[in-house]
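1. sequence first, predicted coordinates after that:
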Amino acid sequence: MHARLLRLQQALQRAQLDALALNPGPSLTYLTGLHFHLMERPVVAFFTATGEQALVLPRLEAPKLAHRDDLLAFFYDDDPAQWSQAFHQAIQALHLERSRIGIEPERLRVLELRFLEAAAPRAQFPSAAEVLASLRIVKDSAELAAMQEAVAIAQAALEAALQAFRVGMTEKALAAEVVLQLLRHGSEPELPFQPIVAAGPNAANPHATPTDRPIQAGDLLIIDWGATYQGYFSDLTRTFAIGEVDAELVRIAEVVLQANTAGREIARPGLPVGKVDAAARNVITAAGYGEYFTHRTGHGLGLDVHERPFVFAGNEEVLRPGMVFTVEPGIYLPGRGGARVEDDVVITTDGAHSLSDLPRALRRLA
């Protein structure tokens, strides 16, 4: 945490920000090691460019700070009329009345922003998204170890869940089995997302929600799932054949596998991340299915399931060792089915390494 906070101070100074204000979420945890729920009671952490740290929080959360002498705490009780006073006290103690206080636009709610504005009406609240991305985008060895374990848990859990699969099982029932096995195999209860289990025509929707539709012979089945370990996520997808499937559905699964391979193999330090998208997309376009690949090739992964770097066409952000992202090309034929293969990849000093190694080829389940 000390090294992270030093890097934060330097980043704030470069961005000409006097402080950073965060509400509960991955960035707050990344900088403090503390976990708070996002709830009706506001919690805001302050980090100044000179190294001071403070928290505004309800008194019921006091036990979490029992051994944290590094944090100034400004507590409030249950009466909402008292909450603004704690914000005023924090702003005054940190001398931020006229400051530039960076915020995380994707996370900060209007609730917290209004308290900040009332406590510091002459302050400015610009985005600190770039500051936070610069800290979190490259993973250290401990983060990578946690993500590798999250992948191992996910892979073992899926294999266990598939043992329970039977033709006629509904998408919802198989999704529930995947969740159960994730927890049994060591995932933390807060999963990266609820598993996507989509079969037949539903598999043509990249972000399908499991339904009561029975999984039938002739279907392609997409399972998109992930585990959580020490707060870090994995995010994987595999495609399965239920019995004998149409020749074109087999074909799109083969093309998607080739595209996934191309994306993983081209990734290396110094490469613009958009080139990974191009490598995967070119395979699918050459096979005649370009219009059916309807999303980016991947996204960064860590404490958030979607973070930088984002793997889309034309993105010039340069890959560096320690960056982790997904490679997940797909083809989706409306009304018929779809295929996707997704792996979690980390950039190394001379190339890329896939944290996931579950077989990628189309696998028949029945």
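-> Yes, it's here. Residues are numbered from 1 along each chain as shown.
2. only C-alpha atoms from now on, for both contacts and neighbour counts.
-> Will do.
3. residue contacts, the residue sitting nearest the centre point of the chain?
-> Nearest residue to the geometric centre of the chain (CA atoms, centre = their mean): V305, 1.0 Å. Neighbouring residues of V305 by CA atoms under 8 Å, 6 or more residues apart in numbering: 192-193, 233-235.
4. could you list the low-pLDDT ranges of the stretch 201-350 of the chain?
-> Counting by pLDDT under 70, not a single residue of the stretch 201-350 of the chain qualifies.
5. all strands for it, in order.
-> 220-225, 228-229, 232-233, 236-241, 298-300, 307-311, 324-327, 330-333, 337-340, 343-347 (DSSP state E, counting those that start in this stretch).
6. quick one: list the elements packing against the fifth one.
-> Here strand 298-300 touches strand 307-311, strand 324-327, going by 3 or more CA pairs under 8 Å, 6 or more residues apart in numbering; DSSP states H and E.
7. contacts for it, please.
-> Under CA under 8 Å, 6+ apart, the answer for strand 298-300 is 137, 277, 306-312, 323-329.
8. all helices for the stretch 151-300 of the chain, in order.
-> Shown for the stretch 151-300 of the chain, the helices assigned by DSSP state H, counting those that start in this stretch span residues 171-184, 247-266, 274-286.
9. list the buried residues in the second one.
-> Put plainly, it is helix 247-266. Neighbour-count burial for helix 247-266 flags 249-250, 252-266 (criterion: 16 or more other CA atoms under 10 Å).
10. also the first one?
-> Applying a neighbour-count criterion of 16+ other CA under 10 Å, one finds 171-183 buried in helix 171-184.
11. just name the closest of those residues to M147, please.
-> Nearest to M147 among the buried residues of helix 171-184: L182, at 14.6 Å, using CA to CA.
12. so the closest one sits right up against S234, yeah?
-> No. Contact criterion CA atoms under 8 Å: L182 and S234 do not qualify, at 11.4 Å.
13. shared neighbours of those two, which are they?
-> Common contacts of L182 and S234, defined by CA under 8 Å, 6+ apart, comprise 154, 227.
14. quick one: the contacts of V305 as a markdown table, columns for neighbour count too.
-> What follows is the contacts of V305, written out as a markdown table (neighbours: other CA atoms under 10 Å):
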| residue | neighbour count |
| --- | --- |
| P192 | 23 |
| F193 | 15 |
| F233 | 29 |
| S234 | 33 |
| D235 | 28 |
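15. just to revisit the earlier point, now for the buried residues of helix 171-184, which pair is the farthest apart?
-> E171 and L183 (18.7 Å).
16. on that earlier part again, the helices of the stretch 151-300 of the chain: which one's closest to Q82?
-> If you check each of the helices of the stretch 151-300 of the chain against Q82 by CA to CA, helix 171-184 wins as the nearest, at 40.2 Å.
17. identify the residues contacting the residue nearest to A120 when sequence neighbours are not counted.
-> Spatial nearest neighbour of A120, excluding adjacent residues (CA to CA, 6 or more residues apart in numbering): E97 at 4.8 Å. By CA under 8 Å, 6+ apart, the contact set of E97 is 91, 119-123.
18. then L38?
-> The neighbours of L38, taking CA under 8 Å, 6+ apart as the test, are 23-25.
19. that one looks like it's in a helix, true?
-> No. Checked against DSSP: H, G, I helix; E, B strand; the rest coil, L38 lies outside a helix; its state is coil.
20. distance check, the residue of the chain most remote from its centre against R41.
-> In the chain, the greatest distance from the average C-alpha position (CA atoms, centre = their mean) is reached by A81, at 35.8 Å. Between A81 and R41 the computed distance is 12 Å (CA to CA, to the nearest Å).
21. re earlier: of the contacts of E97, just the buried ones, ChimeraX syntax please.
-> To isolate the buried ones among these in ChimeraX, judged by 16+ other CA under 10 Å, type:
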select :91,119,120,123
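22. for A339, state which of the contacts of E97 is nearest.
-> A123 (50.0 Å).
23. contacts for the helix or strand harbouring W83?
-> Assigned by DSSP states H and E, W83 belongs to helix 83-93. Helix 83-93 has contacts (CA under 8 Å, 6+ apart) with 54-56, 74-77, 97, 115-116, 118-120.
24. report the two of the residues you listed separated the most.
-> It's D77 and E97 that sit farthest apart of these, by CA to CA, at 23.6 Å.
25. any idea where the helices of the stretch 1-150 of the chain begin and end?
-> Counting by DSSP H, counting those that start in this stretch, one finds helices in the stretch 1-150 of the chain at the ranges 2-14, 26-32, 83-93, 110-119, 129-136, 141-163.
26. now the first one: average pLDDT?
-> When pLDDT is averaged along helix 2-14, the result is 97.
27. show me what it is packed up against.
-> The elements that helix 2-14 packs onto, with contact taken as 3+ CA pairs under 8 Å, 6+ apart, are helix 129-136.
28. what angle do the helix it packs on and strand 307-311 make?
-> 90 degrees (axes from the mean of the first three to the mean of the last three CA atoms, to 10 degrees).
29. please consider this matter closed, and thank you.
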